[in-house]
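Participant: Dropping a prediction and its sequence here:
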Amino acid sequence: NSEKLGKKMTSSRRHHLKSLMLQIAASWIEQEKKDIAAAKEAYMAENCPPPDLSGDQAALMELCKKLHQAIDKIDDARYDAEAKVQKTDTEIEDLKLKVVELAGVKKPALKKVRMSADAMLQALLGGKHKVTMDLRANLKQVKKEVKEEPTEAVGDWRKNIEDKADRKKMFETS
């Protein structure tokens, strides 16, 4: 496959390209971190102006109480949001399970495979078990019984046919 594409890339070239890619990716990550920090600074400046710390102790105590109340409200909102997210996550999981149940497990079409009994056992039990199953060796040996007719009965064939005719008549009359 590589012969069709041309010369194979040398390991030093591949290593050089890999290190260049890693350097570029590292610079992108650094830039992303700086962008996130700048966005955070901008958000904080817009939504959280620095507190006015000038004043006496009573004013500062009042400011602390307001900050604590604001923190409590934010914590409540965060807790509610987390509970909502958790509830929707469980709903999503339940729906995924329902989809799987409704679709059912699709069984792949089976292919005909010619395989000996030994190969089948090896596939089922794994390579470490050595089991041979020669089915023909386990079959019983059956000896054919040769019925020997007396040789004098073969002598006169007409008499033999007459005997058989007599036997046929015997079954018909009964």
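Facilitator: Looks like it came in fine. Not measured: the values here are computed from a predicted model.
Participant: Heading C-terminal from the helix ranked longest in the chain, find the next helix or strand.
Facilitator: Of all the segments of type helix in the chain, defined by DSSP state H, the longest one is helix 57-103. Later in the chain than helix 57-103, the nearest helix or strand by DSSP states H and E is helix 117-125.
Participant: for that following helix, the distance to its chain's centre please.
Facilitator: On the basis of C-alpha atoms, centre = their mean, to the nearest Å, helix 117-125 sits 23 Å off its chain's mean C-alpha point.
Participant: quick one: average confidence on that helix?
Facilitator: For helix 117-125, the mean pLDDT works out to 78.
Participant: Likewise for stretch 41-58?
Facilitator: Here the average pLDDT along stretch 41-58 is 84.
Participant: Compute the first-to-last residue distance for that stretch.
Facilitator: Terminal residues of stretch 41-58 are spaced 30 Å apart (C-alpha to C-alpha, to the nearest Å).
Participant: Give me the neighbour count for Gly55.
Facilitator: Using other C-beta atoms under 10 Å, the number of residues around Gly55 comes to 11. Backbone N, C-alpha and C define where each C-beta goes, glycine included.
Participant: right, I mislabeled it, should have said Glu145
Facilitator: A count of neighbours around Glu145, defined by other C-beta under 10 Å, yields 6.
Participant: wait, what's in contact with it?
Facilitator: For Glu145, no contacting residues are found, by C-beta atoms under 8 Å, 6 or more residues apart in numbering.
Participant: Can you report phi and psi for Ala26?
Facilitator: Per-residue torsions, Ala26: phi -60, psi -40 (degrees, to the nearest 10).
Participant: Alpha carbons only: can I get stretch 104-124 in CSV?
Facilitator: Written as CSV, here are the backbone C-alpha positions of stretch 104-124 (Å, rounded to 0.1, in the frame of the first residue of the first chain):
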residue,chain,number,x,y,z
GLY,A,104,-34.1,-4.7,20.1
VAL,A,105,-30.8,-6.3,19.7
LYS,A,106,-30.2,-6.9,16.1
LYS,A,107,-28.6,-10.3,15.5
PRO,A,108,-26.2,-10.4,12.6
ALA,A,109,-27.0,-12.7,9.7
LEU,A,110,-25.2,-16.0,10.3
LYS,A,111,-22.9,-17.2,7.7
LYS,A,112,-22.4,-20.9,6.8
VAL,A,113,-19.0,-22.0,8.0
ARG,A,114,-17.5,-25.4,7.3
MET,A,115,-15.6,-26.3,10.4
SER,A,116,-14.5,-29.7,11.8
ALA,A,117,-15.6,-30.7,15.3
ASP,A,118,-12.0,-30.3,16.5
ALA,A,119,-11.8,-26.7,15.1
MET,A,120,-15.1,-25.9,16.7
LEU,A,121,-14.0,-27.2,20.1
GLN,A,122,-10.7,-25.4,19.9
ALA,A,123,-12.6,-22.1,19.0
LEU,A,124,-15.0,-22.6,22.0
